[in-house]
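>>> Generate coordinates for the sequence data below:
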Amino acid sequence: MLFLAVVFFVVGKAAVIRNGAQTAADAAVLAAAQDARDQLREGWLGVIDDPLQWQSFVDGDAYIDTLLACRSATDFAVSNGAEVDECSPIELGFRVTVHSTKKVGDSIVPGAEDQQGRATAVAVIEPRCSFDPPAPTQEPEPTRDPDPTPVPNPTSTPSAEPDEEPEPITGLVCDGEGVSIDPEDPVLPAVSDLFRIRLTGDDE
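Numbers count the residues shown, from 1 in each chain. Below is the predicted model:
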């Protein structure tokens, strides 16, 4: 009976370590995806005045620094008692595998003392917006030379033409609501309104 009790204890401890590894993997992959999501928004802000460059950011497939994102995964894994074995980008997301730094420890069960928890998690970044880009500006057709303009009276004061205010940038729709961007004071929606992050299984 004592032996069985010890076996159950070891099995239970191993299960706890495995669960801890899965928690660490989930936290690590979410950290990588969140870092990548923040990079997408920052990059988008860099071209905010040129809506013809928005599409790759709207779709979530603009360039991001995956090493930087995986560094966040490593930090979160360590804070959850694990180390990252692999952090790799996938289509619109990341896959992270970790192992726990804790072991089962001394045990009468052969081979159990060196067991470590190992787990993999996958997170995806889902765009929440769509964008209908504006039509490219067409160059005006050349016109014939106008008649010579009379020389103005040097004593007359030319009338100042008012500056045209730039029109707001439209066409961005997030969760069914249109978003208008003021080109003079451009502000994007919050990053969580632009992209959703969720954990997913490898079989999805």
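>>> Can you list the low-confidence ranges for the chain?
Scanning the chain for pLDDT under 70 picks out the ranges 1-17, 103-115, 136-163, 202-204.
>>> try 90
1-20, 61, 102-116, 133-168, 183-184, 186, 201-204 (pLDDT under 90).
>>> Go ahead and list the helix or strand containing the most centrally placed residue in it.
In the chain, the C-alpha nearest the mean C-alpha coordinate belongs to residue 37, at 1.5 Å (C-alpha atoms, centre = their mean). Element membership for residue 37, per DSSP states H and E: helix 2-46.
>>> try residue 96
strand 93-103.
>>> gap between the helix or strand following that strand and the chain center?
Downstream of strand 93-103, the next assigned helix or strand under DSSP H and E is strand 116-127. Here strand 116-127 is found 15 Å from its chain centre; the criterion is C-alpha atoms, centre = their mean, to the nearest Å.
>>> partner strands of strand 116-127, parallel or antiparallel?
Partner strands for strand 116-127, per DSSP bridges, with pairing direction: strand 93-103 (antiparallel), strand 195-200 (antiparallel).
>>> who touches the shortest one?
This points to strand 195-200. 26, 29-30, 33-34, 37, 40-41, 60, 93, 121-128 (C-beta atoms under 8 Å, 6 or more residues apart in numbering). For the C-beta atoms, the positions are set from N, CA and C on the backbone; glycine is no exception.
>>> Then stretch 122-140?
Contacts for stretch 122-140 (C-beta under 8 Å, 6+ apart): 29-30, 32-33, 36-37, 40, 51-52, 54-55, 58-60, 90, 92-96, 169, 171-175, 179, 189, 193-202.
>>> How about stretch 77-85?
Contacts of stretch 77-85 (C-beta under 8 Å, 6+ apart): 20-21, 23-25, 27-28, 70, 73-74, 96-102, 117-118.
>>> Recalculate using a threshold of 10 Å.
17, 20-29, 31-32, 70-71, 73-76, 87, 96-102, 116-120 (C-beta atoms under 10 Å, 6 or more residues apart in numbering).
>>> Neighbours of the spatially closest residue to residue 52 that is not a sequence neighbour, how many?
Using C-beta to C-beta, 6 or more residues apart in numbering and skipping the chain neighbours, the partner closest in space to residue 52 is residue 133 (6.0 Å). Around residue 133 there are 14 other residues, counting by other C-beta atoms under 10 Å.
>>> Please identify which helix or strand holds residue 133.
With DSSP H and E as criterion, residue 133 is part of no helix or strand.
>>> distance of it from residue 58?
For residue 133, the distance to residue 58 equals 9 Å [C-beta to C-beta, to the nearest Å].
>>> Report the set of residues contacting both of the two.
By the contact definition C-beta under 10 Å, 6+ apart, residue 133 and residue 58 are jointly contacted by 51, 171, 172.
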